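1. next one to model:
(4 chains)
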Protein chains: 2
Amino acid sequence: MLRNTRSDVVRAAGRMFAERGYHGTSMRELGRELGLLGSSLYAHIDSKEDLLVEVVDRGAALFTEAAERALAAADTASGRLRALIAGHIDVILEHRDVVRTFLNEARMLDDAHRLRVVAARDGYEAQFRSVIAAGVDSGEFKTGADPKLASIFTLSVLNAVERWYRTEGELDRSALVDELYRFVVAALIA
Amino acid sequence: MLRNTRSDVVRAAGRMFAERGYHGTSMRELGRELGLLGSSLYAHIDSKEDLLVEVVDRGAALFTEAAERALAAADTASGRLRALIAGHIDVILEHRDVVRTFLNEARMLDDAHRLRVVAARDGYEAQFRSVIAAGVDSGEFKTGADPKLASIFTLSVLNAVERWYRTEGELDRSALVDELYRFVVAALIA
DNA sequence: CCTACCGATCGGTAGG
DNA sequence: CCTACCGATCGGTAGG
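-> Numbers count the residues shown, from 1 in each chain, chains lettered A, B, ... in the order given. Coordinates of the predicted model:
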């Protein structure tokens, strides 16, 4: 039985916040998950909200970094859109608890922290929007497509994957990305 | 200052559960919203969870009934799909608090109640699926489209409207429905 | 719907 | 990371 690190605590918090929600998780339950008392958690952190801030910030960072890598790896608009989609799905499937907490519990943050997260999310969405706008300008996507709405709809479909996709199912990750890309791009090309 | 009815209590609960989450709402806060003490709520209900059950069940019923009306009002696959989409958006925009609680807080229900809600949601999704499948069979939609995945993607875009759409914005309801329909149907026809 | 209250649990602290 | 604890708040009840 080794000692828990601060990062163990954050990871377990992400798991529990994802499953039961922030307000549905008590410090004593979180401690039990790690084999210690609720009060012992305060050797690692200052407050419960610190844990939420840390998990949610990590979610924002994961998506932001994935977008950077995606945009560096492709140069056509459709190639970049596909890379953005693949990167988004990678983040969801590899950091599911963090993502669930990011998507569903960020609204429980106090104003200052929540606004910071909203800004990060807006910046991420803007990456999708400008890739779509570039594709419209270059003629790769159809004229008259609304990049703002298209990026909202695209992220709607992508984020929902957290809610329904099962790794154990018959649809594997690359097939999922294919289907998502085809669904999204159809509206941009049709 | 008239007396509150049970339905006032349920409505206020829907509002607060939507905003702060089920576990983030205390009975005392709910009472304050209605101008009475937390303990006085128990003259109307038996438990806090009763309120969640009632709000979530109402959400399920609203969607189910909207689907029935939609399917009765159109007969082609694309007409029915459009009516399903319009009906779904009507439910979201006219019962936003109920819908938010239905979508985000149903998982806080105990097993028995949650499974009932999941069954209702699956039945609702099946309506979308069979309309899409009918359109594929009739040749209205393209051969090879996967009705199951298409219905999941469609409901993903529709449900997300709760998260981003603002009634005060420049996009009015019928334009929203138009855009949603075009986005979804593009993948089925392209 | 209020008064008066219940035991349980909450997030968190002091000191080791 | 535990012991021992804090005041505050939780969902809920009895009786009116």
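
2. list the buried residues in the longest helix belonging to chain A.
-> The single longest helix within chain A, with elements called by DSSP state H, is helix A:111-138. By 16 or more other Cβ atoms under 10 Å in any protein chain shown, the buried positions in helix A:111-138 come out as A:113, A:116-117, A:120-121, A:124-125, A:127-129, A:131-136. The C-beta positions use only the backbone N, C-alpha and C, and glycine is treated the same way.

3. do the same with stretch A:41-59
-> A:41, A:44-45, A:48, A:51-59.

4. does chain B sit close to it?
-> No - for a cut-off given as Cβ under 8 Å from any Cβ of the partner chain, stretch A:41-59 has no contacts with chain B; the smallest distance is 11.9 Å.

5. grab the CA positions of that stretch and hand them over as PDB.
-> Taking C-alpha atoms only, stretch A:41-59 is exported to PDB below (Å, rounded to 0.1, in the frame of the first residue of the first chain):
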ATOM      1  CA  LEU A  41      -7.200  14.600   1.500                       C
ATOM      2  CA  TYR A  42      -6.400  18.100   2.800                       C
ATOM      3  CA  ALA A  43      -2.700  17.100   3.100                       C
ATOM      4  CA  HIS A  44      -2.800  17.200  -0.800                       C
ATOM      5  CA  ILE A  45      -5.300  20.000  -1.500                       C
ATOM      6  CA  ASP A  46      -6.700  23.100   0.000                       C
ATOM      7  CA  SER A  47     -10.400  22.700  -0.900                       C
ATOM      8  CA  LYS A  48     -12.900  20.500  -2.700                       C
ATOM      9  CA  GLU A  49     -13.300  23.200  -5.400                       C
ATOM     10  CA  ASP A  50      -9.600  23.000  -6.100                       C
ATOM     11  CA  LEU A  51     -10.100  19.500  -7.300                       C
ATOM     12  CA  LEU A  52     -12.900  20.600  -9.700                       C
ATOM     13  CA  VAL A  53     -10.800  23.500 -11.000                       C
ATOM     14  CA  GLU A  54      -7.900  21.200 -11.600                       C
ATOM     15  CA  VAL A  55      -9.900  18.500 -13.400                       C
ATOM     16  CA  VAL A  56     -11.800  21.000 -15.600                       C
ATOM     17  CA  ASP A  57      -8.700  22.900 -16.400                       C
ATOM     18  CA  ARG A  58      -7.000  19.700 -17.500                       C
ATOM     19  CA  GLY A  59     -10.000  18.900 -19.800                       C
END
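
6. any weak-confidence spans in chain A?
-> Counting by pLDDT under 70, chain A has low-confidence residues at A:1.

7. how about the residues of it by DNA strand C?
-> Residues of chain A lying close to DNA strand C by Cβ under 7 Å from any atom of the strand are A:25-29, A:38-39, A:42-43, A:46-49.

8. which one of those residues sits closest to residue A:185?
-> Proximity of those to residue A:185 was ranked by Cβ to Cβ; the top entry is residue A:25 with 39.1 Å.

9. so which residue is dead centre in chain A?
-> residue A:99 (4.3 Å; Cα atoms, centre = their mean).

10. tell me which element it falls in.
-> Assigned by DSSP states H and E, residue A:99 belongs to helix A:96-105.

11. returning to that earlier point: correct me, but the residue nearest to the centre of chain A touches residue A:91?
-> Yes - between residue A:99 and residue A:91 there is a contact under Cβ atoms under 8 Å: 6.4 Å.

12. joint contacts of these two?
-> With contacts taken as Cβ atoms under 8 Å, 6 or more residues apart in numbering or on different chains, the residues that reach both residue A:99 and residue A:91 are residue A:62.

13. enumerate the residues of chain A near chain B.
-> So chain A meets chain B at A:20-24, A:104, A:108, A:146, A:149-150, A:152-153, A:155-157, A:159-160, A:163-164, A:171, A:179-180, A:182-184, A:186-187, A:189-190 (Cβ under 8 Å from any Cβ).

14. quick one: buried ones out of the residues you listed?
-> Buried members of the residues of chain A next to chain B, counted by 16+ other Cβ under 10 Å: A:21-24, A:104, A:108, A:146, A:149-150, A:152-153, A:155-157, A:159-160, A:179-180, A:183-184, A:186-187, A:190.

15. of those residues, which belong to helices?
-> Going by DSSP H, the helices hold A:104, A:149-150, A:152-153, A:155-157, A:159-160, A:179-180, A:183-184, A:186-187 from these.

16. farthest-apart pair in the residues you listed, please.
-> For these, the maximum inter-member distance is 28.5 Å, found between A:104 and A:186 (Cβ to Cβ).

17. quick check: end-to-end length of stretch A:164-181?
-> Across stretch A:164-181, the terminal residues are separated by 17 Å (Cα to Cα, to the nearest Å).

18. in that stretch, which residues are buried?
-> Those would be A:165, A:176-177, A:179-181, for stretch A:164-181 by 16+ other Cβ under 10 Å.

19. wait, which of those is closest to chain B?
-> For the buried residues of stretch A:164-181, the minimum distance to chain B (Cβ to the nearest Cβ) is 5.6 Å, reached by residue A:179.

20. quick one, what contacts the residue lying closest to that closest one once chain neighbours are set aside?
-> Nearest residue to residue A:179, sequence neighbours excluded (Cβ to Cβ, 6 or more residues apart in numbering or on different chains): residue B:149, at 5.6 Å. Taking Cβ under 8 Å, 6+ apart, we find residue B:149 in contact with A:171, A:179, A:183.

21. let me know whether the second one touches residue B:146 as I believe.
-> Yes - shown here, residue A:179 and residue B:146 form a contact pair, counting by Cβ under 8 Å, at 7.5 Å.
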